[in-house]
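Trainee: Pasting the sequence and the predicted model now:
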Amino acid sequence: PDTYFYGEGWNFGEVANDARFVQARQANLAGTEVGSFNDRIRDSVRSAALFANDPDVGNLQQQNFIEIGMAGTLKDFVFKDYKGNTGTAGGVTWNGQPAGYATDPADIINYVSKHDNESLWDKLQFGLNANVSIENRVRIHNIALAIPLLSQGIPFMQMGDDLLRSKSMDRNSYDAGDWFNFVDFTKQSNNWNVGLPLAQDNQSAWDTIKPIANNPSTAAAPQNINFASEVFNEFLQIRHNSPLFRLTTGSDVMARVGFHNIGKTMTQGLIVMSIDDGVGLADLDPANDAVVVVINGTNAEKTHKVPTAQGFELHQVLQGSSDTIVQDAHFNTVGSDGEFVVPAYTAAVFVKPQMGAQGVGLKADATMGAPDIAPYGLTTVYMRGGMNGWGEADAFNYDGDGIYSAKVTVEAGNYEFKVASSDWSTVDFGAKSGEQDVIFDTPQTLAKSGPNLKGNFATSSSYVFKLDATVPTAPVLTVSEYVPYGSTKVFLRGGMNGWGESDPFTYNGSGQYSVQLNLAVGNYEFKVASSDWSTVDFGGGNDGQDVTLDTDKVLGKSGPNLKIDVKDAAAYKFAVNANDSAAPVLKVNKVE
């Protein structure tokens, strides 16, 4: 009963997808408490995307995969992704498979290196910029190794990882002997750059390896190795000291674990995870009411505010850490909320000490709130058709309450299209029988795997595709030309017309408004506004109030009056590009 079984669980080769018989693969092991190696968290950590200091979409996506891994890779774990969509981890696609597949944390072996492929130290060097110092490379390695220790599931460590173990970038060292596989337990060397790894599996990478291996910033000294070892042992102690890092049921993970740097405003390189042990839950850790893990993989100090967070302090182990930098991590109370401050390239753990009886912890949904799960989960849905090569250029945003929308620029013409996911299977909606033609501004119910929809787009413009998926199996699509301010009438209002509504803008399509009027010589103040001076109200922006002819000017919401000096009595055209409806661009030119 006390024996733990685990294995690789890969899904490939001649037996992929149970082709010959039911395999002990990852998805099939869910709920068995037989562990399978978690390649999701492995690849996302080893890619060094968390340390890229670049908010590229790919890096943000890798960050979400790490979060899923830290929550036990549970398929039913609900979180908000970097696009602002809320759904279950099982609905996220990772290399053609569900990112979340477990139902019990014991289903998962969390690791970042083992015998196959490069050691963690070696693999990270491929992804880090050449100018990263050796000190920061060690800090990054410490974070990467701490992630599986701070995750729900069973951590697995390769011998020597705590000592910055290197195999001189050998990706397949089973036949490389002690020269490349040596581990120095005296901490004098991490076996870095002892020669080019064997040609049989590495020759194609030699030209990449050479400049990395010869970069002085990649060579660890004994003090670096000893530092890494001490920090690793501290995180082992932190994990051991609290059962909150070793939750034993999927339901406990989902009830207690939450993330707080989330959604469209997610900061790249920063993970903020809480584990609740407050009132309303079984008191698993009598010493603490909550724990917060902050991983700062960026090159600058980060501060993150969490609603309702109160009474936290840096973990006692880290207060006396061998890492003097982590000792600067601290918590500030901000009214009824709190903020966590963590130095660059640092993983910090905060605790809310339990003062006697169990107190208030930190709810998993303190930042996300009650989840509004999108009808298609975290599956990205696209408008795919002849106007965009049937590709994935035009993704729908989930707006909440079952509604998706996509703004798409379409050249005039006749096009066929569908609403579909990347795999043309998870989501695939077309027309109901005999209803392929789209009538603009008119709701149309779609059918699963139906034939292509057909639309006659009379003008080149931006169009809004609104998908009401309240009934996910029969969503309703409405296609309309995009009008930035909808049905609201917009006027040029100023000294030239008594600040009235005699000069309305005409909407010309593609986000463009214009109005033409005759002006006498003089100085005029004016604004772009609606009748109520509220729905639309734009004046001067960051570059002041003055308008120069034939020059773009970004307007500011509720900004001061614009000013224009008219030197020639003539007709003038005022054109507004409102494709960014919150910061439209004005251009004024004299009509020749």
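Mentor: Yep, it's here. Predicted model only: the values in this text are computed from it and were never measured. Residues are numbered from 1 along each chain as shown.
Trainee: Residue 432 and residue 176, how far apart?
Mentor: 62 Å (CB to CB, to the nearest Å). Just so you know, the C-beta spots here come from the backbone N, C-alpha and C atoms, and that holds for glycine as well.
Trainee: In terms of neighbours, single out the busier of these two.
Mentor: Legend: neighbour count by other CB atoms under 10 Å for residue 432 and residue 176, higher for residue 176 (19 against 15).
Trainee: Surely that one touches residue 182?
Mentor: No: using CB atoms under 8 Å, residue 176 is not in contact with residue 182, being 10.0 Å away.
Trainee: quick one: the helices in the stretch 1-150 of the chain?
Mentor: 39-46, 57-70, 120-127, 134-149 (DSSP state H, counting those that start in this stretch).
Trainee: Please identify which of these is closest to residue 263.
Mentor: Each of these has some distance to residue 263 by CB to CB; the shortest is helix 57-70, at 10.6 Å.
Trainee: what angle separates the closest one from helix 134-149?
Mentor: 50 degrees (axes from the mean of the first three to the mean of the last three CA atoms, to 10 degrees).
Trainee: Tell me the buried residues in helix 57-70?
Mentor: 59, 60, 61, 62, 63, 64, 65, 66, 67, 68, 69, 70 (16 or more other CB atoms under 10 Å).
Trainee: confidence score at the nearest residue to the fifth one once chain neighbours are set aside?
Mentor: Among residues not flanking residue 63 along the chain, residue 50 sits closest, at 6.1 Å (CB to CB, 6 or more residues apart in numbering). Residue-level confidence at residue 50 comes out at 98, pLDDT.
Trainee: need the contact list for residue 50.
Mentor: 44, 59, 62, 63, 66, 143, 269, 271, 295, 297 (CB atoms under 8 Å, 6 or more residues apart in numbering).
Trainee: So of those, which two are at opposite extremes in space?
Mentor: 59 and 143 (15.0 Å).
Trainee: Tell me if I'm right that residue 421 and residue 384 touch.
Mentor: No: Residue 421 lies out of contact with residue 384 (CB under 8 Å); the separation is 9.2 Å.
Trainee: Looking at these two, which is more packed in?
Mentor: More crowded of residue 421 and residue 384, by other CB under 10 Å: residue 384, with 24 against 17.
Trainee: That one should be in a strand, yeah?
Mentor: Yes: applying DSSP: H, G, I helix; E, B strand; the rest coil, one finds residue 384 inside a strand.
Trainee: How much space separates it from residue 498?
Mentor: 51 Å.
Trainee: And residue 375, by the same measure?
Mentor: Applying CB to CB to residue 375 and residue 498 gives a distance of 51 Å.
Trainee: try residue 15
Mentor: 81 Å.
Trainee: Then residue 68?
Mentor: 60 Å.
Trainee: list the buried ones in the helix ranked longest in the chain?
Mentor: Using DSSP state H to define each element, the chain has its longest helix at helix 222-241. Buried residues in helix 222-241, defined by neighbour count with 16+ other CB under 10 Å: 224-225, 227-229, 231-232, 234-236, 238-239, 241.
Trainee: Stretch 302-320 too?
Mentor: 302, 304-307, 309-312, 314-315, 317-318.
Trainee: what about that stretch, distance to the chain center?
Mentor: With CA atoms, centre = their mean, to the nearest Å as the basis, stretch 302-320 stands 23 Å off its chain's centre.
Trainee: got it, and stretch 526-543?
Mentor: On CA atoms, centre = their mean, the centre of stretch 526-543 falls 34 Å from that of its chain.
Trainee: picking that back up, specify which residue of residue 375 and residue 498 has the higher count of neighbours.
Mentor: residue 375 (20 against 9).
Trainee: quick one: the helices in the stretch 401-550 of the chain?
Mentor: Counting by DSSP H, counting those that start in this stretch, the stretch 401-550 of the chain contains no helices.
Trainee: Tell me where it has strands.
Mentor: Per DSSP state E, counting those that start in this stretch, the stretch 401-550 of the chain has strands spanning 403-410, 413-420, 428-431, 444-448, 453-457, 461-468, 476-481, 491-494, 506-509, 512-519, 522-529, 537-539. These are given in chain order.
Trainee: Out of the ones you listed, indicate the one that is most buried.
Mentor: strand 491-494 (a mean of 23; mean count of other CB atoms under 10 Å).
Trainee: How much space separates the residue nearest to residue 63 from residue 272?
Mentor: 13 Å.
Trainee: overlap in contacts of those two?
Mentor: The contact sets of residue 50 and residue 272 overlap at residue 295 (CB under 8 Å, 6+ apart).
Trainee: tell me how far stretch 407-420 is from the chain's mean position?
Mentor: 28 Å.
Trainee: Which residues does it contact?
Mentor: Here stretch 407-420 has contacts from 381-388, 394, 396, 427-430, 446, 450, 452-465, 467, 475, 477, 482, 510, using CB under 8 Å, 6+ apart.
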